[in-house]
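A.B. asks: below are the sequence and a predicted model for it; my questions follow.
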Amino acid sequence: MRKIYHKLYSDWSTKTQAQLRKYNLGEFGGMMYDSLSEDPNTFVMMDQGVVIGWALVNQSNWAMFFVRKGYRRQGIATKLVQRIKLCYDNIYVDGHDNMSYRFFEAVHLNTTIYDYNEQHQVVWV
């Protein structure tokens, strides 16, 4: 049975923290490691003890979502968003690609878009 847990990152066991880091996905294959040092709130969906999706919300209310391959397009991120909205009035996300941007807009999250210039600096659009 799938269930969402809400804890500070530091409250997870070392084994679960390793799972969370392993399953983070994204354009650069990384997550907001700076945010982990802030000990963010995490919302983790598990299925029989296995992490299948998770989100972190840092102290500035920026959120990142990760869903494990093989579990995508099953409403997991939507359920995580619904749970987070019970705890936060406003959260912010980065619509760094078309698919994530459309999803975040559909679930009514505050979305930003950015690109990179020739000097590989972030440019907000």
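C.D. replies: Ah, there it is. On a predicted model such as this, the values are computed, not experimentally measured, just so you know.
A.B. asks: going forward, measure contacts between C-alpha atoms and count neighbours the same way
C.D. replies: Will do.
A.B. asks: all strands for this protein, in order.
C.D. replies: 2-8, 41-47, 50-57, 63-67, 92-94, 110-112, 114-116, 122-124 (DSSP state E).
A.B. asks: now those in a markdown table, with mean neighbour count?
C.D. replies: Compiled in a markdown table, those are given as follows (neighbours: other C-alpha atoms under 10 Å):
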| stretch | mean neighbour count |
| --- | --- |
| strand 2-8 | 14 |
| strand 41-47 | 21 |
| strand 50-57 | 22 |
| strand 63-67 | 22 |
| strand 92-94 | 18 |
| strand 110-112 | 15 |
| strand 114-116 | 12 |
| strand 122-124 | 10 |
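A.B. asks: include distance to K22 when you put those into CSV, please.
C.D. replies: Converted to CSV, the strands of the chain look like this (distance: least, C-alpha to C-alpha, whole Å):
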stretch, distance to K22
strand 2-8, 18
strand 41-47, 13
strand 50-57, 10
strand 63-67, 10
strand 92-94, 21
strand 110-112, 25
strand 114-116, 26
strand 122-124, 26
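A.B. asks: mean pLDDT lowest where, among these?
C.D. replies: Sorting those by mean pLDDT places strand 122-124 lowest, at a mean of 45.
A.B. asks: what's in contact with the lengthiest helix in the chain?
C.D. replies: The helix spanning the most residues in the chain, taking DSSP state H as the definition, is helix 76-87. For helix 76-87, the external contacting residues (C-alpha atoms under 8 Å, 6 or more residues apart in numbering) are I4, F43, V44, M45, G53, W54, A55, F65, F66, V67, V107.
A.B. asks: export it to PDB, keeping only CA atoms.
C.D. replies: The C-alpha trace of helix 76-87 is given here as PDB (Å, rounded to 0.1, in the frame of the first residue of the first chain):
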ATOM      1  CA  ILE A  76       2.400  10.200  -7.500                       C
ATOM      2  CA  ALA A  77       3.600  13.800  -7.900                       C
ATOM      3  CA  THR A  78       0.000  15.000  -7.900                       C
ATOM      4  CA  LYS A  79      -0.500  13.300  -4.500                       C
ATOM      5  CA  LEU A  80       2.700  14.800  -3.200                       C
ATOM      6  CA  VAL A  81       1.500  18.300  -4.300                       C
ATOM      7  CA  GLN A  82      -1.800  17.700  -2.600                       C
ATOM      8  CA  ARG A  83      -0.100  16.700   0.700                       C
ATOM      9  CA  ILE A  84       2.300  19.700   0.600                       C
ATOM     10  CA  LYS A  85      -0.500  22.100   0.000                       C
ATOM     11  CA  LEU A  86      -2.000  21.000   3.400                       C
ATOM     12  CA  CYS A  87       1.200  22.300   5.000                       C
END
